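Trainee: need the 3D shape of this:
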Amino acid sequence: MPSNAEYTKQAEELAEELGLEISTEGLNNEKLDALVSDLKAKKKDADNKAAEDAQAKAAAELEEKAKEDAAAAALKAKKDAAAEEPDEDDKPPFYVKEGKAITTKRGVLSDGDEIKAEDLPGGKKALDAFVKSGHVGKN
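Mentor: As a prediction, this is how the structure comes out:
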């Protein structure tokens with residue numbers, strides 16, 4: 001068992017680390033042992049609390065970063081989608097709809113290609129039929 005001087009030194013060091021003021025005067029070896037044990041437990045609790053706080057702070061920062069990244073990704077996706085979608089003004093008066101293809105006098109036209117009545121053997125009547133069937137879009 002350590003001496004009173006060793007217990008006193010240990011207790012004072014622990015108290016200083018914890019920011020506590022203690023008095024070891026008049027304490028016997030058994031009471032000093034109990035005091036050191038109590039201070040060690042308090043230090044361990046303080047260290048655990050500090051570690052938990054650090055983990056919570058890190059988790060909060062990661063969550064905030066993830067939210068920012070998600071918001072940035074959503075904004076980028078929205079901008080990309082807007083850039084990919086042609087404006088109605090950009091499309092010709094008659095165009096082949098997405099996922100469709102039509103064989104014409106000029107060859108096979110597909111996905112947004114301009115189509116005119118003179119491209120089709122049936123002329124305006126054939127173009128109107130393709131508009132009605134959903135193969136051709138009209139601006």
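
Trainee: need the longest helix for the chain.
Mentor: Longest helix in the chain, counting residues (DSSP state H): helix 29-84.

Trainee: against which helices or strands is the helix or strand just after that one packed?
Mentor: Sequence order places strand 94-96 as the next helix or strand after helix 29-84, per DSSP states H and E. Here strand 94-96 touches strand 136-138, going by 3 or more Cβ pairs under 8 Å, 6 or more residues apart in numbering; DSSP states H and E. (Each C-beta comes from the backbone N, C-alpha and C, glycine too.)

Trainee: list the buried ones in the strand it packs on?
Mentor: Buried residues in strand 136-138, counted by 16 or more other Cβ atoms under 10 Å: Val136, Gly137.

Trainee: contacts for that strand, please.
Mentor: Strand 136-138 is contacted by residues Lys91, Pro93, Phe94, Tyr95, Val96, Lys97, Lys100, Ile102, Ile115, Leu127, Phe130, Val131 when judged by Cβ atoms under 8 Å, 6 or more residues apart in numbering.

Trainee: one step back: helices or strands up against the longest helix of the chain?
Mentor: Helix 29-84 sits against helix 4-18, with contacts defined as 3+ Cβ pairs under 8 Å, 6+ apart.

Trainee: measure how the helix it packs on sits relative to helix 29-84, angle-wise.
Mentor: With axes from the mean of the first three to the mean of the last three Cα atoms, to 10 degrees defining the directions, helix 4-18 sits at 30 degrees from helix 29-84.

Trainee: what's in contact with helix 4-18?
Mentor: Against helix 4-18 from outside (Cβ under 8 Å, 6+ apart): 2, 21-22, 24, 27-29, 32-33, 35-36, 39-40, 42-43, 46.

Trainee: how about the contacts made by the closest residue to Gly112 other than its chain neighbours?
Mentor: Excluding its sequence neighbours, the residue lying closest to Gly112 (Cβ to Cβ, 6 or more residues apart in numbering) is Tyr95, at 5.4 Å. Tyr95 makes contacts with Gly112, Asp113, Glu114, Ile115, Val136, Gly137, Asn139, as judged by Cβ under 8 Å, 6+ apart.
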